[in-house]
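Engineer: quick check, what structure comes out for this input:
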Amino acid sequence: MKQKLILLTVLLAALSAFSSEYYVDASRPDDSGAATNWATAKQTIQAAVDVATDGDTVLVTNGVYDIGGAIAPEYLPGWGNMLTNRVCVTNAITVHSVNGADVTVIQGASDHGTNGPTAVRCVYLLSGAAMEGFTLQGGHTHAKDGWYYDKMGGGALIFTNSTLTKCILRGNTAEYSGGGACCLGGGTLNNCTLIGNTTAGEGGGAICWGSGMLSNCSIAENAATVGGGVILLNGGMLRNCRLTGNIATTGGGTFSSGGVLDSCTLTGNTAMYGNGLYLTNTVVNNSIIWGDDIIIAAGSTNVVFRYTCSSSLQFGKGNICADPLFVDSVNSNFQLQAGSPCINAGHNSYVSSESDLEGNPRVVGGVVDMGAYENQTAGTDADNDGMDDLWELNQFGGRHFAAPDTICLNGVNTIREAYIAGLDPNDAAAFFEMDGDCTAEKSVLWWNATSGRVYSVYFSTNLMNGFQPLETNIPWTAGAFTDSVHNAQRQLFYKVDVQLAP
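Structural biologist: Residues are numbered from 1 along each chain as shown. Predicted coordinates:
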C-alpha cells in the first residue's frame, strides 16, 4: 500500500509539471467557456490569459480582438497604473496566434481620436511573458493626467525578459515615449514591423531603455519630436534593423545616448538635426547610414563607428564612404547588389545573431556584410580584385584597401601576385622560392607551399626553346615534386607556377 501511495504521488507531480493550452476565438459569444479546446474557447484574449499559469500557452485564432482587457498591477509600490491594456500578461506564459499577424489583430482604443483617460493600450508584457504573431494597432496611452508608465508604449509596453515576436505594430500613439513600443530593462522585439506610429515625445517607433532591444525589425514612417524611428537610452540596442522614412526634429532615424547599433541600415529618414543619427556615448558597428547625416552631440567623446558605410562619415576603424549599391532603393529594396563595397566589409567580432533581417544566414563568404541584409551569393572577393577580402583586412586594415597592381615590399611582385603566392606583401624578404637536389637518378624540387593553391612544374633543356609542362595541379599538401624522367640530361632548368585552387 505504501508503495502504491508513493507511485501515485510521483504521478501527480509529473502531471502537474505539464503545461496547459487555452483557446481564444473572437467569434465566440462570451468568455464563459473553460477554454480547454476550441469548442469552449474564450471570446477575449485577456480572459484566457487570466486562467493560464507559468509555462502555459494561449492559442488565438483569426479575428479582431477589440474588447476586454485589464489594468496592469503596480510596477513599483506607489507608482499606480490606471491605463487599460487590451491584453495584460504578468506571468511567464506564451500568447500565440494560430495563423499570424496578418489575420490576428489586437485593437487598442483612443480617447476620441487621441491619448486620454479612456484610451486603451494594445499589450502589456511582464515577468517573462511572450507574444507572437499579432498585429497591434490603434493603441493609445493616457495624456498629461496619466501616470508615468501610462504614457509610454501605445502599442506595447514590454518589461525585462518579455518578448514580442513576428508582430506588426502600426498606427499606435503615446503621449510621452514609444509610440509603437516601449522596451524597458530587457524587453525585446524580434522580427517585428513598426510602421506609422507616433509620439509627441521620444521614440516614434520605439524606445529601448536599459538592455531593451529591437532585433531583426523593420522600422518605417514613424514620427516623434526626438528619435523618429527609435530612441536608445542607457544600453538600448538595435540589431539587424532597417530604419527608413522616419521623421523627427532631432534624430530622424535614431537618437541614442548610451546605445548600440549593430548591422543596421538607415536611409531616407528626416530631421532638422541628424536625419539618420543624433548620438552621444554610442557604438555603431557593421552598419550603413546612407544619404542621412550624422550628428554627434557637442561634448560627446564616447561615440565609436566601426566597419560602417556612411555618406557623412570620414573616420573610424574599417569605415568607408562609398555608395552601398542597394538593389532598388526607390522601391525600398535595401539589399546589396553584387559588387557592393559593403559586402564582406564588416567585422565578424561584432556579429551577435545567426540571421539577417530576412532570416537568411548572417555571414556568407566568411565575412559579414555591412547593413541589415547579408548578400547570399557573395564570395570572399566582393570587389573582384582577385584577392580574398579577409586577407586584405589582415594585411592592410580594410577589406578593399589593397591596390592589386602595386608592387609589394619585396620589390618584385605585385600585391595580387603576393596574395596568389601566399606571401606577406609587407615583408621585404618574402619571396616565392624553389629549391632542389639533383642527382644522376632524379631531381627533387620543393617550394614554400600555401593552402588553397595548386602548383605546376615546367622544365627546359634550353631556355631559348621555352618551358614544357612536366606536372600540373600539384596539391599544396605535397609541396614537392620528384622528376625521375629527365635525369640523363646534363643541363636542366625548372620552373614552378602557382595558382589559386579551383
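Engineer: would you map the helices across the stretch 1-150 of the chain?
Structural biologist: 2-17, 45-51 (DSSP state H, counting those that start in this stretch).
Engineer: among those helices, which gets the worst mean confidence?
Structural biologist: Lowest mean pLDDT within the helices of the stretch 1-150 of the chain: helix 2-17, a mean of 43.
Engineer: could you list the low-pLDDT ranges of the stretch 51-200 of the chain?
Structural biologist: For the stretch 51-200 of the chain, residues meeting the criterion pLDDT under 70 lie at 75-80, 145-146.
Engineer: per-domain residue ranges of the protein.
Structural biologist: Residue ranges for each domain of the chain read 18-224, 434-500, as given by automatic domain parsing.
Engineer: of those, flag the one that's most buried.
Structural biologist: domain 18-224 (a mean of 22; mean count of other C-beta atoms under 10 Å). Every residue, glycine included, has its C-beta placed from N, CA and C.
Engineer: got phi/psi on the residue nearest in space to the middle of the chain?
Structural biologist: Nearest residue to the geometric centre of the chain (C-alpha atoms, centre = their mean): N240, 2.3 Å. N240 adopts backbone torsions of phi 50, psi 50, taken as degrees, to the nearest 10.
Engineer: kindly reformat the domains of the chain as CSV containing distance to E358.
Structural biologist: CSV is the format used below for those (distance: least, C-beta to C-beta, whole Å):
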stretch, distance to E358
domain 18-224, 9
domain 434-500, 30
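Engineer: can you tell me which of the ones you listed is nearest to M272?
Structural biologist: Proximity to M272 (C-beta to C-beta) singles out domain 18-224 among the domains of the chain, at 12.5 Å.
Engineer: nearest to N375, of the domains of the chain?
Structural biologist: Nearest to N375, of all the domains of the chain, is domain 18-224, at 16.7 Å by C-beta to C-beta.
Engineer: what's the first-to-last distance across the closest one?
Structural biologist: One end of domain 18-224 sits 45 Å from the other (C-alpha to C-alpha, to the nearest Å).
Engineer: the residue nearest to the centre of the chain and E374, how far apart?
Structural biologist: 9 Å (C-beta to C-beta, to the nearest Å).
Engineer: please apply the same query to L325.
Structural biologist: Distance, L325 to E374, using C-beta to C-beta: 15 Å.
Engineer: who's more crowded, those two?
Structural biologist: Set side by side, L325 and E374 show more neighbours around E374, with 27 against 16, by other C-beta atoms under 10 Å.
Engineer: was I right about that one contacting G359?
Structural biologist: No: in this structure E374 lies outside contact range of G359 using C-beta atoms under 8 Å: 10.3 Å.
Engineer: could you find the closest non-adjacent residue to D31?
Structural biologist: Closest residue in space to D31, ignoring its immediate chain neighbours: A47 at 3.8 Å, by C-beta to C-beta, 6 or more residues apart in numbering.
Engineer: same question for F467.
Structural biologist: Closest residue in space to F467, ignoring its immediate chain neighbours: Y458 at 3.8 Å, by C-beta to C-beta, 6+ apart.
Engineer: helix, strand or coil for the one you found?
Structural biologist: Assigned state for Y458: strand (three-state reduction, DSSP: H, G, I helix; E, B strand; the rest coil).
Engineer: tell me the contacts of it?
Structural biologist: F467, Q468, P469, L470, Y494, K495, V496, D497 (C-beta atoms under 8 Å, 6 or more residues apart in numbering).
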